[in-house]
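S.K.: mind looking at a prediction? Sequence and model below.
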Amino acid sequence: MTILNVGVSHRSAAAEVLEKLTVPPEQRGSVLARLRAVPSVDEVAVLSTCNRVEIYAAAHGPAGPVARAVADVLAVHGRVAAGQVWRLARVRIGGAAIEHLFTVACGLDSMAVGEDQIVAQIKDAALRASKRARTQTTISTEGISLARAGLDFAAAHLGGLVALGRHLAGRAMPSQIPQVRAIVAAEAAAYTTRQDQTIAAPVIAAMHAQIRQLADAELARLHDRLPDLTDQRAETAATVHRILRKVLHQPTIRAKQFSAAPLHPSLLMPAPAQGVLAVECRTDDPVTAAQLRTLDHPSTRAVATAERAFLAALGAGCGTPVGALAELTTEPVIRLSGVIAAPDGSSVIRAQMTGAASDGDALGRRLAQRLLQHGGAALLYRSQSSVLIATTNGGT
């Protein structure tokens with residue numbers, strides 16, 4: 001399950017567009033029904049005020065198509081062009097969506113920073129973050145409510161939401177915004193951890209159930225062999241199950257820890273150059289090339305170059321069990337870790353090298369050669385042979 005947020009607010013859209021997209025209470029049911037009809041959406045919530053319209057959804061499958069479909073529902077509701085809504089919308093996925101919700105609940109994203117009227121639409125975990133922010137800091141008292149700002153503004157004979165925004169922009173910002181942002185980040189991280197730990201719940205429950213079944217079966221056999229243990233049967237069973245609970249305690253904790261934190265590369269090395277977005281253009285288009293260079297991220301380019309060079313030097317493909325992870329330590333130094341494994345995981349060879357970030361290509365090739373010389377060549381041959389056999393048997 002993925003939590004995603006599609007929102008249009010005063011930060012990205014004009015007041016007249018927000019007015020069209022606003023979901024009044026009497027229309028909320030029909031909008032929710034259309035959102036629930038979006039494929040892959042399991043749960044959905046609508047947050048709508050005069051300054052924002054946001055959709056929070058729990059979905060399975062790719063987040064991109066779901067976000068686009070949600071934006072289309074908003075466009076139909078507001079009778080605004082779908083392309084315009086998509087351009088104005090901000091899409092947040094996973095932890096970013098959760099942290100944004102907490103930020104909104106605390107009033108940090110409001111036109112009047114620190115106002116608390118939006119909290120009435122938000123429940124559960126977001127409400128907890130908001131309560132901490134307002135009890136542990138002075139964000140509410142230092143800020144100003146949107147209603148109060150409106151009264152002040154009306155008294156000054158100024159009209160319109162845009163002008164009100166300019167009026168609010170001239171006020172001093174609350175001094176404890178950094179402290180509130182720290183609370184939001186901590187609560188979002190805690191919520192994400194709790195959600196990740198629930199992933200392990202079915203595995204843990206199945207493990208405990210299987211152990212209980214095995215214990216009950218062994219106890220039944222014991223009682224058949226020793227029928228005279230009639231008076232001690234309950235005590236024996238309780239003792240056995242108590243011991244098993246103690247034995248399972250540590251594995252249960254470890255299962256929760258593994259589900260709540262990324263696996264260390266020593267346990268699971270990622271495939272080379274994962275999570276890197278590349279954009280290419282024609283060589284005879286210098287204008288586009290110059291524009292794309294402004295998007296280039298040197299650190300990402302450096303580590304991706306090292307990992308790709310490692311993969312190329314091995315001559316390995318997507319189906320080969322190899323992994324690589326390049327990390328920038330003290331710039332401009334890259335630490336590159338690599339692994340080659342047997343197809344069945346029975347043998348694994350690892351190595352690590354460091355080199356200049358400016359020469360990631362050479363670093364990747366050197367690490368590949370080291371692994372090949374220390375048994376990696378034989379493992380690659382086994383892997384490629386197994387792929388050949390599987391392809392031949394498959395008749396393709």
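M.R.: Yes, it's here. Numbering: from 1, shown residues only.

S.K.: could you give the mean pLDDT of the helix or strand encompassing Arg335?
M.R.: Following DSSP states H and E, one finds Arg335 within strand 333-341. If you average the pLDDT over strand 333-341, you get 91.

S.K.: just checking, what packs against it?
M.R.: helix 298-314, strand 322-328, strand 348-356, helix 360-371, helix 377-394 (3 or more CB pairs under 8 Å, 6 or more residues apart in numbering; DSSP states H and E). For the C-beta atoms, the positions are set from N, CA and C on the backbone; glycine is no exception.

S.K.: nearest to Ala341, out of these?
M.R.: Comparing the helices and strands packed on strand 333-341 against Ala341 with CB to CB, the closest turns out to be strand 348-356 (4.6 Å).

S.K.: relative to helix 360-371, how tilted is the closest one?
M.R.: Calculated by axes from the mean of the first three to the mean of the last three CA atoms, to 10 degrees, strand 348-356 forms an angle of 150 degrees with helix 360-371.

S.K.: return the set of buried residues in strand 348-356.
M.R.: Residues Ile349, Arg350, Ala351, Met353, Gly355 are the ones in strand 348-356 that count as buried (16 or more other CB atoms under 10 Å).

S.K.: do the same with stretch 305-321
M.R.: Going by 16+ other CB under 10 Å, stretch 305-321 has these buried residues: Thr305, Ala306, Glu307, Arg308, Ala309, Phe310, Leu311, Ala313, Leu314, Ala316, Thr320, Pro321.

S.K.: who's in contact with the first one?
M.R.: Taking CB atoms under 8 Å, 6 or more residues apart in numbering as the definition of contact, the neighbours of Thr305 are Gly360, Asp361, Gly364.

S.K.: try it again with 6 Å
M.R.: By CB atoms under 6 Å, 6 or more residues apart in numbering, Thr305 lies in contact with Gly360, Asp361.

S.K.: so where's the stretch 251-396 of the chain uncertain?
M.R.: By pLDDT under 70, the low-scoring segments of the stretch 251-396 of the chain are 257-267, 330-331, 384-396.

S.K.: next one: the residue most central in space within the chain from Val66, what distance?
M.R.: By CA atoms, centre = their mean, the chain has its centre lying nearest to Gly94, at 3.7 Å. From Gly94 across to Val66, the span is 13 Å (CB to CB, to the nearest Å).

S.K.: what about the strands in the stretch 51-200 of the chain?
M.R.: Here the stretch 51-200 of the chain has its strands, by DSSP state E, counting those that start in this stretch, at 52-59, 90-93.

S.K.: so what are the domain limits for the chain?
M.R.: 2-185, 199-260, 286-394 (automatic domain parsing).

S.K.: and the ones you listed as a markdown table, adding distance to Ala273?
M.R.: Output for those, formatted as a markdown table (distance: least, CB to CB, whole Å):
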| stretch | distance to Ala273 |
| --- | --- |
| domain 2-185 | 20 |
| domain 199-260 | 25 |
| domain 286-394 | 5 |
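
S.K.: tell me which of those lies nearest to Ala271.
M.R.: Closest to Ala271 of the domains of the chain is domain 286-394 (CB to CB; 6.0 Å).

S.K.: what's around Ala342, how many residues?
M.R.: 16 (other CB atoms under 10 Å).

S.K.: I'd assumed Leu380 was in contact with it.
M.R.: No: if you go by CB atoms under 6 Å, Ala342 and Leu380 don't touch, sitting 9.7 Å apart.

S.K.: quick one: low-confidence parts of the stretch 51-200 of the chain?
M.R.: For the stretch 51-200 of the chain, the ranges with pLDDT under 70 are 111-112, 114-134, 138-173, 194-199.

S.K.: alright, that wraps it up for me.
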